[in-house]
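Novice: Return atomic coordinates for the entry below.
(4 chains)
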Protein chains: 2
Amino acid sequence: MSLEVVLKDVALLSGVSPATASNALSGTRPVSEKTRQRVFAAAEELNYRPNLVARGLRRQETRTIALLVADIANPYYPAVARAIHDRIGSHGYVSFIGNTDGDPDTEVRVLEEMRSRSVDGVIMSTMALSPERIRNVVGPTTPLVLLTGEWVESSGHEVRRLRADEVGTDDAPGIREAVEHLHSQGISEIGFISGPAGSVPGAGRLQRFRDAMAEAGLHVNSAWIENADGYTLETGYDAADRLLSRPDRPAAIMCANDLIAIGVLEAARDNRLTVPADLAVIGFDDIPTAKHVSPRLTTIINPATLVGYACADALMRRIELPDTPFEHTALATHLVVRGTA
Amino acid sequence: MSLEVVLKDVALLSGVSPATASNALSGTRPVSEKTRQRVFAAAEELNYRPNLVARGLRRQETRTIALLVADIANPYYPAVARAIHDRIGSHGYVSFIGNTDGDPDTEVRVLEEMRSRSVDGVIMSTMALSPERIRNVVGPTTPLVLLTGEWVESSGHEVRRLRADEVGTDDAPGIREAVEHLHSQGISEIGFISGPAGSVPGAGRLQRFRDAMAEAGLHVNSAWIENADGYTLETGYDAADRLLSRPDRPAAIMCANDLIAIGVLEAARDNRLTVPADLAVIGFDDIPTAKHVSPRLTTIINPATLVGYACADALMRRIELPDTPFEHTALATHLVVRGTA
DNA sequence: CTGTTAGCGCGTTCAA
DNA sequence: TTGAACGCGCTAACAG
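Specialist: Sure thing, here's the model as predicted:
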């Protein structure tokens, strides 16, 4: 005997059947104006709130989604999560959040957990698991939005085959702008610190860097390409230290993300190099901290809020109009010049 | 006709009733070893996953919780959220996340939404709504953990009256250590930048500051107490600018949070003041950025991860052992000396 | 030890 | 326009 007010109570008080009360409240079927008012008055008086668990079971639609990221405590995801949350909220959805740590077993476990909870859709940042395996675990029809690092040529076919929508960034314009910006200042000796060898975002950004350098007619010195062991300040510091301790060092370093770049700033300071005079530094993402370091970090804006909106919009569209063609959305990146280059 | 495999399918394949299959899988009631194995084999073969929505309706227990914060994109909350998530995950719970923007109407709306979804418990950071109103909206028995800014004397009675657990920080030791640290360096002219007048965390921390100053035998110059219009870098900058443009300015400024402190650093720079030689600065919270500004921010550690664990532990305890006495947990804060004081 | 029945709270038949 | 009956998938209560 729960003390929650349920539909039957509203029906009793307004002197109609539960079915009529339901129809009156949801407007599914027409109901006479008089009973409609009586039902609404009763619901108001009892402060009735429908039980969304029961409704979910009946309607086979829970109005919940899963948002699966590597680590919500990472600087980039909270802004994405907030944007997604705002957008789906206006459609009556709420989100479960899951952390996967980029570990394949954890990713499978969390995905199955969410499937058990009958979420209406999944937004997941692709880390360890291949899109195929993700699609496999969530089942063939669950609306699925892949939050990928970077746009790649093949995506058009991919999304159709996987029956998934995809949201990512187009890193090329931002990186091209960064290279051009340095070049226009007479800097042509540019190094790049990527993430761990084989990790996705860093590798893609490194490739865009090579493309942009070629476009600008600049030579890439392979000795100036470093892999950080992670995407953190500390690993960035170490990679920069290796690079800066060489007899020939570049005049500028571009980085796979902002935390690496901030590590580079520290390594530069410890190597008695002035930024940007002795060494220009450009990051990637524009995390909030980028504006708080000194000098403020010149970086490439990864539009987290827009990415979040795009993810939410894609998922809502897929849920409400399941037959729309699968889409790949790539949000352009752009250079923002501050104090480090 | 869903293509999900349900309990009935498992029962059919293993030649038992759904109830027996349920008992075998959940171990609720003893089942003969032979049927147990048959049921498990069938479940395995069909890749059966129980529908947690249906189970939730039947058991009146959804194994979901609501985590309601002002804004998940704020620098402090993600670490708390991550810790909570890890802790409740090991109990089989997942969390809905909700942003309230510290707005009373939104807080009520989100709370009701979560109640509709039959969450088993609520963790909420108290912003606009009084604890009484929160308790009122979630109903008298829902396990409720209040994530409050600061420990106050009256809390012992409060939690019992509200039938809520409470987790907060004890700001006093950190602030006392900060004042003592400055004093031991011969600095006695100390100002304080609080948050907006009337906002909770800033007011509490300002009071602790006054207490600590009195303890140290130091005089508080009320002209050196400023209210920032928010808890952001920009509002901190403006407040510091007002303070530093006075003919008599303090030798040190303590702040209600790190973002304000970082704003003070910028204002100092723009006023051609060297930190810490001309002006010492101490923040509060130790957000990740604190380590990335230059000089690194001396601040008071607000142990986000420990706060998260404490919230999760309190909620799990309340859910599993509803009759344990209501508790107020206060986590000690401590000064961490870096480069700005 | 196992099966049958019933019901969690809702929405949707189908019949009146 | 309304009501009675049923079922979403699962499990607690009651028989056997």
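Novice: Now do the same contact list for A:V108.
Specialist: Residues near A:V108 by C-beta atoms under 8 Å, 6 or more residues apart in numbering or on different chains: A:129, A:133, A:137. No exception for glycine: its C-beta is placed from N, CA and C like everyone else's.
Novice: how far does whichever strand or helix holds it sit from the chain's center?
Specialist: Per DSSP states H and E, A:V108 falls inside helix A:104-116. In terms of C-alpha atoms, centre = their mean, to the nearest Å, the centre of helix A:104-116 is found 18 Å from the chain centre.
Novice: circling back to that earlier point, what about the contacts of A:V108, which are in helices?
Specialist: Per DSSP state H, helices hold the following members of these: A:133, A:137.
Novice: Output stretch A:164-180 as CSV, restricted to C-alpha atoms.
Specialist: Included here for stretch A:164-180 are C-alpha records, laid out as CSV according to Å, rounded to 0.1, in the frame of the first residue of the first chain:
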residue,chain,number,x,y,z
ALA,A,164,23.5,5.0,-36.5
ASP,A,165,23.8,8.8,-36.6
GLU,A,166,27.1,10.3,-36.0
VAL,A,167,28.3,13.6,-34.7
GLY,A,168,31.9,14.7,-34.8
THR,A,169,34.1,17.6,-35.6
ASP,A,170,35.8,18.6,-38.8
ASP,A,171,39.2,19.2,-37.4
ALA,A,172,40.7,20.3,-40.8
PRO,A,173,39.7,24.0,-40.9
GLY,A,174,40.9,24.8,-37.4
ILE,A,175,44.2,23.1,-38.0
ARG,A,176,44.6,24.7,-41.3
GLU,A,177,43.9,28.1,-39.8
ALA,A,178,46.5,27.4,-37.1
VAL,A,179,49.2,26.5,-39.5
GLU,A,180,48.4,29.5,-41.7
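Novice: Could I get the buried residue list for it?
Specialist: A:164-179 (16 or more other C-beta atoms under 10 Å in any protein chain shown).
Novice: Give the residue spans of the stretch 101-250 of chain A that score low on pLDDT.
Specialist: A:151-157 (pLDDT under 70).
Novice: cutoff 80 now
Specialist: Residue ranges of the stretch 101-250 of chain A with pLDDT under 80: A:149-159, A:198-201.
Novice: Show me what from it comes close to chain B.
Specialist: For the stretch 101-250 of chain A, the contact set with chain B under C-beta under 8 Å from any C-beta of the partner chain comprises A:112-118, A:139, A:141, A:233.
Novice: which one of the residues you listed has the most neighbours?
Specialist: A:M114 (25 neighbours; other C-beta atoms under 10 Å in any protein chain shown).
Novice: which ones are touching it?
Specialist: Taking C-beta under 8 Å, 6+ apart as the test, what A:M114 contacts is A:66, A:68, A:96, A:98, A:122, A:138, B:94.
Novice: mind running it again at 6 Å?
Specialist: With contact taken as C-beta atoms under 6 Å, 6 or more residues apart in numbering or on different chains, A:M114 is in contact with A:A66.
Novice: Would you map the strands across the stretch 1-150 of chain A?
Specialist: Shown for the stretch 1-150 of chain A, the strands assigned by DSSP state E, counting those that start in this stretch span residues A:64-69, A:94-99, A:121-125, A:144-150.
Novice: What's the mean pLDDT across the second one?
Specialist: Going back to what we said before, that points to strand A:94-99. What strand A:94-99 shows for mean pLDDT is 97.
Novice: Check whether it comes close enough to chain B to count as a contact.
Specialist: Yes - shown here: strand A:94-99 in contact with chain B (C-beta under 6 Å from any C-beta of the partner chain) through A:94, A:96-97, A:99.
Novice: In JSON lines, list those along with distance to DNA strand D and neighbour count.
Specialist: Conversion of those to JSON lines gives the following (distance: C-beta to the nearest atom of the strand, whole Å; neighbours: other C-beta atoms under 10 Å in any protein chain shown):
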{"residue": "A:V94", "distance to DNA strand D": "20", "neighbour count": "22"}
{"residue": "A:F96", "distance to DNA strand D": "18", "neighbour count": "20"}
{"residue": "A:I97", "distance to DNA strand D": "24", "neighbour count": "23"}
{"residue": "A:N99", "distance to DNA strand D": "26", "neighbour count": "21"}
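Novice: Find the pair from the residues you listed with maximum spatial separation.
Specialist: A:V94 and A:N99 (17.5 Å; C-beta to C-beta).
Novice: How much space separates A:R55 from B:Q60?
Specialist: Relative to B:Q60, A:R55 is positioned 15 Å away (C-beta to C-beta, to the nearest Å).
Novice: Do you have the helices of the stretch 151-300 of chain A handy? List them.
Specialist: Applying DSSP state H, counting those that start in this stretch to the stretch 151-300 of chain A gives helices spanning A:155-162, A:171-184, A:200-215, A:233-244, A:258-270.
Novice: Next to DNA strand D, which bits of chain A? Give me the list.
Specialist: By C-beta under 7 Å from any atom of the strand, the residues of chain A that approach DNA strand D are A:15-20, A:23, A:29-32, A:34-35, A:54, A:57-58, A:60.
Novice: If any of those are buried, put those into a ChimeraX selection.
Specialist: In ChimeraX, a selection of the buried entries from the residues of chain A next to DNA strand D looks like this (16+ other C-beta under 10 Å):
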select /A:16,20,23,31,35,54,57
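Novice: Now A:A252: closest residue in space, sequence neighbours ignored.
Specialist: Counting by C-beta to C-beta, 6 or more residues apart in numbering or on different chains, A:A280 is the residue found nearest to A:A252 once chain neighbours are left out, at 3.8 Å.
Novice: on that earlier part again, as TSV, the strands of the stretch 1-150 of chain A with distance to A:L244 would be great.
Specialist: Output for the strands of the stretch 1-150 of chain A, formatted as TSV (distance: least, C-beta to C-beta, whole Å):
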stretch	distance to A:L244
strand A:64-69	33
strand A:94-99	35
strand A:121-125	32
strand A:144-150	27
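Novice: Report the two of the residues of the stretch 101-250 of chain A next to chain B separated the most.
Specialist: A:T141 and A:L233 (42.1 Å).
Novice: out of the helices of the stretch 151-300 of chain A, deepest packed?
Specialist: helix A:258-270 (a mean of 25; mean count of other C-beta atoms under 10 Å in any protein chain shown).
Novice: what angle separates that helix from helix A:200-215?
Specialist: 70 degrees (axes from the mean of the first three to the mean of the last three C-alpha atoms, to 10 degrees).
Novice: hmm, helix A:258-270 touching chain B?
Specialist: Yes - using C-beta under 6 Å from any C-beta, helix A:258-270 reaches chain B at A:I262.
Novice: residues in contact with that helix?
Specialist: Identification of contacts with helix A:258-270 by C-beta under 6 Å, 6+ apart yields A:193, A:228, A:231-233, A:236-237, A:240-241, A:244, A:253, A:255, A:275, A:279, A:281, A:283, A:285, A:287, A:290, A:293, A:297, A:299, B:292.
Novice: do stretch A:324-340 as well
Specialist: So stretch A:324-340 is contacted by A:151, A:155, A:159-160, A:165-171, A:173-174, A:177-178, A:181, A:275-276, A:281, A:295-298, A:300-303, A:306-307, A:310, A:317 (C-beta under 6 Å, 6+ apart).
Novice: what comes up buried for it?
Specialist: Quick answer for stretch A:324-340 (16+ other C-beta under 10 Å): A:326-331, A:333, A:335-336, A:338, A:340.
Novice: and which of these is nearest chain B?
Specialist: Nearest to chain B out of the buried residues of stretch A:324-340 is A:T340 (C-beta to the nearest C-beta; 11.9 Å).
Novice: measure the closest one to B:N227 for me?
Specialist: 33 Å.
Novice: Name the residues of the stretch 1-150 of chain A found near DNA strand C, please.
Specialist: So far as C-beta under 7 Å from any atom of the strand goes, the stretch 1-150 of chain A lies against DNA strand C at A:2, A:4, A:6-8, A:18-19, A:22-23, A:25-26, A:28-29, A:50-51, A:54-55, A:57-59.
Novice: No further questions, thank you.
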